[in-house]
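Chemist: quick one: sequence and predicted model below, then my questions.
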Amino acid sequence: MTRLFISRDSTALSLGAEQVAKAIQEQTSQQGLDVQIVRNGSRGLFWLEPLIEVETPAGRIAYGPVQPESVASLLECGLLEGKSHPLCLGNIEELPYFKSQNRLTFARVGLTDPVNLNDYLAHDGYRGLKNALNMSQTDIVKQVTDSGLRGRGGAAFPTGIKWNTVLNAPAEQKYIVCNADEGDSGTFSDRMIMEGDPFVLIEGMTIAGLAVGATQGYIYLRIEYPHAKVALNQAIAAAYQNGYLGENIQGSGKTFHLEVRSGAGAYICGEETSLLESLEGKRGLVRFKPPLPAIVGLFGKPTIVNNVISLASIPVILDKGGEYYRDYGMGRSRGTLPLQLAGNIKHPGLFEVAFGMTLRELLYDYGGGSASGRPIRAVQV
């Protein structure tokens, strides 16, 4: 059986991925061809979407951008064997703008079936949690501190310090809250990770729970992300079913519960304290600080509030160690950052690279310059 990969990512869907998948399904059925279509996340190369990848002995060969009317000629030219065609891009992982990335957080996005737990496990999934289950709470927090990870939501507050504050705050109940209310214009990295690899966020939140003694987590998801909600709920159900969430996680005696809560479209709820107010069922208004949410957070209890990318970066840190992550980046900015390019740009999409790149390199080497071919004069960062 030949496996074809077509993205289920919102951007790919908006560009016609659903129609392409349907056309391939119909035409391969008519021709009696043995094909399995896997709906993966997006590789982040949006100017090539809808992208088709075919699994071959020489690796995954990509074709794009594919429209439904191109499917017949692709099949005729030998799509299923990865043969040549005007839309053929070659091995996806050898493309220069893909190869030069440092994909740590996004390592599986576009590679695996996002809601297939076995696929996640086969690609190093839950290795971080396995290590965390055999570590003390202090040691888990130390790994996160050593990694130099700072909040990826914009404030860049050191994640290890926040976790340590919650760890040392005495309370019978603590919470982990994921801020998935990604509302700034031109941002889509949170959405891509939730649609393309929801298990990595679930694993990161579970590790956070173990680290500080929190038994309940909430993902506060913006209402405008319906595809992310479906993927997250499917992945959470699979994690519960296989003992990665709930009571007695993997026979360890540890507990962590997780659920998705939808926002109602209020931009202000992207700010952590108004998000907590909203989660409590109140109107989303900013709270006075102090006290900080790490000490008096959700329902007045110590709470870790981290953004999606911060939490999704935790599994690789616990899998490979804080130093491994810290070795990427420069100065006080350690690790990698998923950079999102949108607007008048030739190659829009998402690129994950270590800190240290200039804006010019990002816009011209990765982004290919402006879509109109004119010099770039202004950038909103």
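Modeler: Noted; the coordinates are in hand.

Chemist: lowest-pLDDT helix or strand in this structure?
Modeler: One helix or strand of the chain scores below all others by mean pLDDT, DSSP states H and E: helix 96-99, with a mean of 90.

Chemist: and the helix or strand just after that one, what's buried?
Modeler: Of the helices and strands lying after helix 96-99 in sequence (DSSP states H and E), the nearest is helix 117-122. Within helix 117-122, the residues that qualify as buried by neighbour count (16 or more other C-beta atoms under 10 Å) are L117, D119, Y120. All C-beta spots, glycine's among them, are computed from the backbone N, C-alpha and C.

Chemist: pretty sure G41 is touching F5, no?
Modeler: No. Under the criterion of C-beta atoms under 8 Å, G41 is not in contact with F5, lying 9.6 Å apart.

Chemist: which residue packs closest to D9, ignoring adjacent ones?
Modeler: Leaving aside its sequence neighbours, D9 sits nearest to S42 (C-beta to C-beta, 6 or more residues apart in numbering; 3.6 Å).

Chemist: and the least confident helix or strand of the chain, how far out from the chain middle?
Modeler: In terms of C-alpha atoms, centre = their mean, to the nearest Å, the centre of helix 96-99 is found 19 Å from the chain centre.

Chemist: what sits up against that helix?
Modeler: Helix 96-99 is contacted by residues R43, L45, I92, E93, H347, F351, Y366 when judged by C-beta atoms under 8 Å, 6 or more residues apart in numbering.

Chemist: contacts only, for the last one.
Modeler: What that stands for is Y366. Y97, L339, L341, H347, F351.

Chemist: please enumerate the strands of this protein.
Modeler: Counting by DSSP state E, the chain has these strands, from start to end: 2-7, 35-40, 52-56, 59-63, 88-91, 175-180, 216-221, 257-262, 303-307, 329-330, 333-334, 336-341, 349-354.

Chemist: run the angle between the third one and strand 35-40 for me.
Modeler: Relative orientation of strand 52-56 with respect to strand 35-40: 120 degrees, computed using axes from the mean of the first three to the mean of the last three C-alpha atoms, to 10 degrees.

Chemist: who does strand 52-56 pair up with?
Modeler: If you go by DSSP bridges, strand 52-56 pairs up with strand 2-7 (antiparallel), strand 59-63 (antiparallel).

Chemist: in the first one, what's buried?
Modeler: Spelled out, that is strand 2-7. T2, L4, F5, I6, S7.

Chemist: what do you get for stretch 128-135?
Modeler: Buried positions in stretch 128-135, judged by neighbour count with 16+ other C-beta under 10 Å: G128, L129, N131, A132, L133, M135.

Chemist: can I get those residues in JSON lines including pLDDT and distance to A239?
Modeler: Supplementary listing: the buried residues of stretch 128-135 in JSON lines, determined by pLDDT from 0 to 100; distance: C-beta to C-beta, whole Å:
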{"residue": "G128", "pLDDT": "98", "distance to A239": "14"}
{"residue": "L129", "pLDDT": "98", "distance to A239": "10"}
{"residue": "N131", "pLDDT": "98", "distance to A239": "17"}
{"residue": "A132", "pLDDT": "98", "distance to A239": "15"}
{"residue": "L133", "pLDDT": "97", "distance to A239": "14"}
{"residue": "M135", "pLDDT": "97", "distance to A239": "20"}
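
Chemist: which of those lies closest to I193?
Modeler: Using C-beta to C-beta, G128 is the member of the buried residues of stretch 128-135 that sits closest to I193, with 15.1 Å.

Chemist: now do the contacts for that closest one.
Modeler: Here G128 is in contact with E203, G204, I207, I314, P315, V316, I317, L318, D319 (criterion: C-beta under 8 Å, 6+ apart).

Chemist: now those residues as a markdown table including pLDDT?
Modeler: Written out in a markdown table, the entries for those read as follows (pLDDT from 0 to 100):
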| residue | pLDDT |
| --- | --- |
| E203 | 98 |
| G204 | 98 |
| I207 | 98 |
| I314 | 98 |
| P315 | 98 |
| V316 | 98 |
| I317 | 98 |
| L318 | 98 |
| D319 | 98 |
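
Chemist: now, which of those lie within helices?
Modeler: When these are checked against helices using DSSP state H, the ones located there are E203, G204, I207, I314, P315, V316, I317, L318, D319.

Chemist: farthest pair in the contacts of helix 96-99?
Modeler: Across these, the longest distance by C-beta to C-beta is 16.9 Å; it joins E93 and H347.

Chemist: contacts only, for the one residue sitting closest to the centre of the chain.
Modeler: The structure's the chain has its C-alpha centroid closest to I193; by C-alpha atoms, centre = their mean the separation is 1.8 Å. Contact partners of I193, counting by C-beta under 8 Å, 6+ apart, are T105, F106, V109, V200, L201, V308, I309, A312, P338.

Chemist: these: which two are farthest apart?
Modeler: The distance between the two most remote of these (C-beta to C-beta) is 13.1 Å, for L201 and P338.

Chemist: the two: which is more packed in?
Modeler: Remark: of L201 and P338, L201 carries more neighbours, 28 against 25, as counted by other C-beta atoms under 10 Å.

Chemist: now, which of the contacts of helix 96-99 sits nearest P158?
Modeler: F351 (24.5 Å).
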